[in-house]
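# Could you look at this predicted model? Sequence included:
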Amino acid sequence: MLKIKQFFSIALITLFLFGSISAQTKISPAEYKSELDSLLTLKSELTEQKLKLKNEIENLSEKVTELERKLTLARRDLYITKYGKEAGENVALGRVWIGMTEDMLRDSWGKPDKIEKNVENWGVFTQWYYGDVTYFFRDGILTEGEEKE
């Protein structure tokens, strides 16, 4: 990044100087060639550096993709260990079903936007809100879900 700034600074100064000098005195062809060679060398170095950075970005992008894949597999394995094969795979895939627990939904969809809890003599009723979707639990087990229209 510093070399790019240096290049533009040199280019602007060169243009300014050439403009100022040409109005007052002429520069020699040798001085012009020397400055031009210097700028062409800098351009070549910056082009090479740009190519290296593009390759590095591509390698990092591939690494991110690989790490995301490993994370997905690790989450799947974690949930299978935690909830068993069928339920664990469903949680890892973000699926929701009647009979799942509050912990399963939290692992599957993340923390809800809002939770309301009502404690009654006949049980604990909880509503979990995810945007326009509401899930209803009785004693920690999903009984119903609805989406606002």
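Yes, it's here. Numbering: from 1, shown residues only.
# So for stretch 132-139, mean pLDDT?
Mean pLDDT, computed over stretch 132-139, is 97.
# swap that for stretch 107-118, please
Mean predicted confidence for stretch 107-118 is 96.
# Just the residues contacting it, thanks.
With contact meaning CB atoms under 8 Å, 6 or more residues apart in numbering, stretch 107-118 is reached by 79, 82, 90-92, 94-96, 100, 105-106, 124-131, 135. The C-beta positions use only the backbone N, C-alpha and C, and glycine is treated the same way.
# repeat that with 10 Å
If you take CB atoms under 10 Å, 6 or more residues apart in numbering as the criterion, stretch 107-118 is touched by 75, 78-79, 82-83, 87-88, 90-97, 100-102, 105-106, 124-131, 133-137.
# what does stretch 82-94 give?
By CB under 10 Å, 6+ apart, stretch 82-94 touches 72-81, 95-97, 99-101, 103-110.
# how much space between the most centrally placed residue in the chain and Ser108?
Nearest to the mean C-alpha position of the chain, counting by CA atoms, centre = their mean, stands Val64 at 9.3 Å. For Val64, the distance to Ser108 (CB to CB, to the nearest Å) stands at 23 Å.
# can you check Asp139 too?
Asp139 is 19 Å from Ser108, by CB to CB.
# So which of these two has more stuff around it?
Under the neighbour definition other CB atoms under 10 Å, Asp139 and Ser108 were set side by side, and Ser108 has more, 19 against 12.
# what's downstream of the helix or strand bottoming out on mean pLDDT in the chain, the next helix or strand?
Every helix and strand in the chain was compared by mean pLDDT, DSSP states H and E; the lowest is helix 2-24, with a mean of 61. Using DSSP states H and E, the helix or strand that follows helix 2-24 in sequence is helix 29-83.
# And the next helix or strand past that following helix?
helix 85-92.
# what mean pLDDT would you report for that following helix?
On average, helix 85-92 scores 97.
# For it, buried residues please.
By neighbour count on 16 or more other CB atoms under 10 Å, the buried set for helix 85-92 is Ala87, Gly88, Asn90, Val91, Ala92.
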